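[1] structural data only, the sequence is not supplied:
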């Protein structure tokens, strides 16, 4: 449905035009009407009609001036002119200024208007398609240029180059400045922020617009601003510019994009390989964001650590025993102590993530890679501790079973965690990697009862607790605990506890 605006100084003509043509049936919706060009210009800006049906001769701003103003403002919709004047001069001027078609009022009927509207609509569609094609080509060209620039930066990072060679190559990919003396500001969007895809890129361009600087997208959420200080030998002025730019960009993103970003800034590098050295420094400084800093300047300190600290190694080794023994205090203190040493020793993020993967393996947890990629600051690691604590509740052995061998301990933990499911000895044997026969013998030897008896005990223990605490029916409680046959459940319950489930509940609730 195309939106249409009617413009005519005669109220009766406007009413006539609204009613004599089957607009909706032909695919048009009248969104408004105006008495003159001035009122029509305001409505056009507000309503954004696809087509305008306008008279030529009107008091105030007439049709000729109105059409001229529309096209000057790049209005791309269709314009159909109506005139009472059988005067070629009026029509010729309207067409020269951008009208698509004209119809004389004294020749107006439904067929004539319908044909004219079709021609105007076709012209409007062609105009918009051509404009979209030009915009698409422009976007493709810009994207291609930025991709080439990104590839050049990656290439410069991987090799030594003279300043002359660097200059030739940067000019060839459309970088305008010399970069004999330069610095790099890296800006990265924090995951989860509501930045639009191009939001940070446009923010970088806005902030750097008043300086000899260019913006290059390195990844979708990370951008580099290359500052050319070739004509700024003053170190104090260089530092002043970089400090101002860092603060301005951070404030702009926070205030106008309602988001946060990490900013890291290199030293000013000079001569051959200046861009590559500045970019490496900015990337190295960006590692500090993981430990809580939002704006980081490269300070020339030793590179970040590449070894897992001793307390973290010790925690990983102790983790399985902590989980089995239910030692929650040791689990929490050891984990926080490990993270504190990572922060104190400024260890690389990749090293910490590798350590987390080792801890997950020791805890028997399997995670997808996106989980680790989502850890962008030290505080995000708290999710791992929470998972270890949940795992501990599953794995911790009942009192008296601490001396079980590791494989039977795993079988007991699996049984206690999954007793409500339709599991059997075969399920558990596959989980712990033993044959059914061997697990059956070893389980009874170490635990003191056979597997089936132990599984039954776990289920009955759950039922007993629920009969005391829950108001659900006995059948619902039994089903949740893993009993599929209600009659068999009642029989086993009375055999083990000496009373029926209903009597057990009555006695327990009476004693509360």
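    Great, that's in hand. All figures in this text were calculated on a predicted structure; none of them were measured in a lab. Numbering: from 1, shown residues only.
[2] what are the buried residues along the strand or helix carrying residue 491?
    In the assignment (DSSP states H and E), residue 491 maps to helix 486-497. For helix 486-497, the neighbour count (16 or more other Cβ atoms under 10 Å) marks 489, 490, 492, 493 as buried. (Each C-beta comes from the backbone N, C-alpha and C, glycine too.)
[3] and which of these is nearest residue 270?
    Nearest to residue 270 among those is residue 489, at 81.7 Å by Cβ to Cβ.
[4] between its first and last residues, how far does stretch 153-166 reach?
    Using Cα to Cα, to the nearest Å, one end of stretch 153-166 lies 10 Å from the other.
[5] with stretch 18-35 instead?
    End to end - Cα to Cα - stretch 18-35 spans 14 Å.
[6] host element of residue 5?
    Here residue 5 sits within strand 2-7, counting by DSSP H and E.
[7] what's the following helix or strand after that strand?
    Sequence-wise, the next helix or strand downstream of strand 2-7 (DSSP H and E) is helix 11-20.
[8] separation between residue 430 and residue 439?
    10 Å (Cβ to Cβ, to the nearest Å).
[9] downstream of the worst-scoring helix or strand of the chain on mean pLDDT, the next helix or strand is which one?
    Least confident element among the helices and strands of the chain, by mean pLDDT, DSSP states H and E: helix 110-157 (a mean of 77). Where DSSP H and E defines the elements, the next helix or strand beyond helix 110-157 is helix 163-172.
[10] quick one, helices of the stretch 351-500 of the chain?
    Secondary structure of the stretch 351-500 of the chain by DSSP state H, counting those that start in this stretch: the helices cover 369-373, 382-395, 406-418, 425-432, 436-447, 451-469, 474-480, 486-497.
[11] can you say which of the ones you listed is nearest to residue 344?
    Using Cβ to Cβ as the measure, helix 382-395 is the one of the helices of the stretch 351-500 of the chain that comes nearest residue 344, at 18.1 Å.
[12] who does the longest strand anywhere in the chain pair with, and is each partner parallel or antiparallel?
    Secondary structure assigned by DSSP state E gives strand 181-189 as the longest strand of the chain. Counting by DSSP bridges, the strands paired with strand 181-189 are strand 222-228 (antiparallel), strand 261-265 (antiparallel), strand 269-270 (antiparallel).
[13] could you point out which element follows it?
    Next in sequence after strand 181-189, counting helices and strands by DSSP H and E, comes helix 199-208.
[14] can you tell me what sits against that following helix?
    187, 189, 214-215, 217, 221, 223, 225, 227, 245, 248-249, 252-253, 256-257, 259, 261 (Cβ atoms under 8 Å, 6 or more residues apart in numbering).
[15] elements contacting the helix holding residue 491?
    helix 451-469, helix 474-480, helix 501-510 (3 or more Cβ pairs under 8 Å, 6 or more residues apart in numbering; DSSP states H and E).
[16] centre of the chain to it, how far?
    53 Å (Cα atoms, centre = their mean, to the nearest Å).
[17] on that earlier part again, direction included, what does the strand holding residue 5 pair up with?
    strand 28-34 (parallel), strand 51-55 (parallel).
[18] and those as a markdown table, adding distance to residue 81, mean neighbour count and mean pLDDT?
    Formatted as a markdown table, these follow (distance: least, Cβ to Cβ, whole Å; neighbours: other Cβ atoms under 10 Å; pLDDT from 0 to 100):
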| stretch | distance to residue 81 | mean neighbour count | mean pLDDT |
| --- | --- | --- | --- |
| strand 28-34 | 15 | 18 | 93 |
| strand 51-55 | 6 | 25 | 93 |
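[19] I'd like to know which of the ones you listed is closest to residue 360.
    Each of the strands paired with strand 2-7 has some distance to residue 360 by Cβ to Cβ; the shortest is strand 28-34, at 58.9 Å.
[20] next SSE downstream of the closest one?
    Criterion used, DSSP H and E; the element after strand 28-34 is helix 37-47.
[21] chain center to that next one: distance?
    For helix 37-47, the distance to the chain centre is 39 Å (Cα atoms, centre = their mean).
[22] residue 1 versus the nearest residue to residue 22 once chain neighbours are set aside, what's the distance?
    Nearest residue to residue 22, sequence neighbours excluded (Cβ to Cβ, 6 or more residues apart in numbering): residue 110, at 7.7 Å. Separation of residue 110 from residue 1 (Cβ to Cβ): 19 Å.
[23] quick one, the strand holding residue 5 and helix 37-47 angle?
    Counting by axes from the mean of the first three to the mean of the last three Cα atoms, to 10 degrees, strand 2-7 points 160 degrees away from the direction of helix 37-47.
[24] next, residue 80: secondary structure please.
    Recorded secondary structure, residue 80: strand (DSSP: H, G, I helix; E, B strand; the rest coil).
[25] you'd agree residue 229 is up against residue 266?
    No. Contact status for residue 229 versus residue 266: not in contact, 11.4 Å apart, counting by Cβ atoms under 8 Å.
[26] shared neighbours, these two?
    Here residue 229 and residue 266 have residue 183 as joint contacts, going by Cβ under 8 Å, 6+ apart.
[27] follow-up on the earlier one: now, of the strands paired with strand 181-189, which is deepest in the fold?
    With neighbours taken as mean count of other Cβ atoms under 10 Å, the strands paired with strand 181-189 reach their highest mean count in strand 261-265, at a mean of 25.
[28] for that one, what is the distance to the chain centroid?
    Using Cα atoms, centre = their mean, the offset of strand 261-265 from its chain centre is 18 Å.
[29] tell me how far the closest residue to residue 377 other than its chain neighbours lies from residue 374.
    With sequence-adjacent residues excluded and distances taken as Cβ to Cβ, 6+ apart, residue 377 is closest to residue 290, at 5.7 Å. Distance, residue 290 to residue 374, using Cβ to Cβ: 13 Å.
[30] now do residue 485
    Remark: distance between residue 485 and residue 374 (Cβ to Cβ) = 45 Å.
[31] repeat that for residue 117.
    Residue 117 is 54 Å from residue 374, by Cβ to Cβ.
[32] the domain parsing of the protein - what is it?
    Structural domains assigned to the chain are 2-129, 161-297, 310-395, 406-510, following automatic domain parsing.
[33] now stretch 403-421: buried residues?
    Under the neighbour-count criterion of 16+ other Cβ under 10 Å, stretch 403-421 has 404, 408, 409, 410, 411, 412, 413, 414, 415, 416, 418, 419 buried.
[34] also stretch 496-506?
    Within stretch 496-506, the residues that count as buried by 16+ other Cβ under 10 Å are 501, 504, 505.
[35] same check on stretch 321-336?
    Neighbour-count burial for stretch 321-336, with 16+ other Cβ under 10 Å as criterion, is recorded at 322, 323, 324, 326, 327, 331, 334, 335.
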